[in-house]
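Peer 1: Requesting a structural model of the entry that follows:
(2 chains)
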Amino acid sequence: MTEGIGVVGLYVHDQDAALDFYVGKLGFQVHTDARNGNYRWLTVKHPNQPSFELGLFLPQEPVLDAATAHTMREMVAKGGMPPLVLVVDDCRAAYDKLRAKGVEFIQEPVARFGGVDANFRDPSGNAWKMIEARS
Amino acid sequence: MASQDPALLRRLLRAKDRMDAASEEDWPVERLANVSGVSQAHFARSFKEAFGVPPHRYLLTRRIERAKALLRDTDAPIIDIAFQTGWNSLGTFGRVFRDVTGESPSELRAREQASAHQLDQVPHCFVSAAYRPDLKIAVSEKRRREAGDRSDPEETEVPK
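Peer 2: Numbers count the residues shown, from 1 in each chain, chains lettered A, B, ... in the order given. Take a look at the predicted model:
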């Protein structure tokens, strides 16, 4: 298969903090980390999905004007960005492991609708739902 | 609207998250301000500016939302649902619930349970958000408007 979605980006408030979180805590891997002046194209990938990149981008000039960049930083910090879903085999085990690493959970694992789910946020405010798929 | 410091907003979001996670608990401004690391006066003003509603009205919407879900999805007695969602009297719960949603808890339960739902394919939080009451004005104000000019005793939105 050669066609498909390659990159989906998140806005983060700090790319170093995001890198530490997604790689150091969630266990993702760096896909591309390229700088050009103040601009940094940073993407990570899940170990099981080598061809899907999650971009960790700063809302910044000159891609956005200064006022829009600030608005985007506000939106992210207020939790206003779209939801993200991380699929895991064992939600409670993943919760214990990630919590021990300092991941900020906003909902403990709950069993419902035949699955188990928990919620956490990245340091910027992006919300992830962590779902153990129903078997 | 004036812009707010993203670092402050992230800390205000933390207080909102804490209310979401345990809306049945008491959330005096002091406790919320503590979560966000700001003064009480600053907290109340900044929260409203950030999220459009005062913190305690936000908490009320979450409690009503949760009560609606429990009425819909369980057969628990209404008094249990009232206590479970943070009220300490059935009377207050029933009255506030009607003020906010326009129907009594038992009416809502009867109507919701009569219609089939196909929401089990949607992640819980989105279903939940769809049931959140949209409270643009204070409950006391809503009550006042519905009652004409009849004056109501002042009440706080969330029992202490």
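
Peer 1: list the contacts for residue A:106?
Peer 2: Under the criterion of CB atoms under 8 Å, 6 or more residues apart in numbering or on different chains, the contact list for residue A:106 reads A:119-121, A:127, B:17, B:20-21. Any C-beta I mention is one placed from the backbone N, CA and C, and that applies to glycine too.

Peer 1: nearest to residue B:132, of those residues?
Peer 2: In terms of CB to CB, no member of these lies closer to residue B:132 than residue B:20, at 10.5 Å.

Peer 1: Mean confidence (pLDDT) on whatever helix or strand residue A:118 lives in, please.
Peer 2: For residue A:118, the element it lies in under DSSP states H and E is strand A:115-121. When pLDDT is averaged along strand A:115-121, the result is 96.

Peer 1: residue ranges with poor pLDDT in chain A?
Peer 2: Low-confidence segments of chain A, defined by pLDDT under 70, are located at A:1, A:135.

Peer 1: Pick out the residue in it sitting closest to chain B.
Peer 2: residue A:77 (3.7 Å; CB to the nearest CB).

Peer 1: Give me the phi and psi angles of that residue.
Peer 2: Backbone torsions of residue A:77, given as degrees, to the nearest 10, read phi -70, psi -20.

Peer 1: Pretty sure it sits against residue B:14.
Peer 2: No. The pair formed by residue A:77 and residue B:14 falls short of the contact definition of CB atoms under 8 Å, at 10.3 Å.

Peer 1: on that earlier part again, listing partners with orientation, what would you give for the strand holding residue A:118?
Peer 2: Strand A:115-121 has these partner strands in its sheet, going by DSSP bridges: strand A:104-112 (antiparallel), strand A:127-132 (antiparallel).

Peer 1: Among these, which comes closest to residue B:41?
Peer 2: Evaluated with CB to CB, those place strand A:104-112 nearest to residue B:41, the distance being 25.9 Å.

Peer 1: Just the CA atoms of the closest one, as CSV, please.
Peer 2: What follows is strand A:104-112 as a C-alpha-only set of coordinates in CSV (Å, rounded to 0.1, in the frame of the first residue of the first chain):
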residue,chain,number,x,y,z
GLU,A,104,-1.4,13.9,33.6
PHE,A,105,-4.5,11.7,33.5
ILE,A,106,-7.8,13.5,33.7
GLN,A,107,-9.9,10.4,33.8
GLU,A,108,-9.0,7.1,35.4
PRO,A,109,-9.7,3.9,33.5
VAL,A,110,-13.5,3.2,33.3
ALA,A,111,-15.0,0.0,31.9
ARG,A,112,-18.0,0.7,29.7
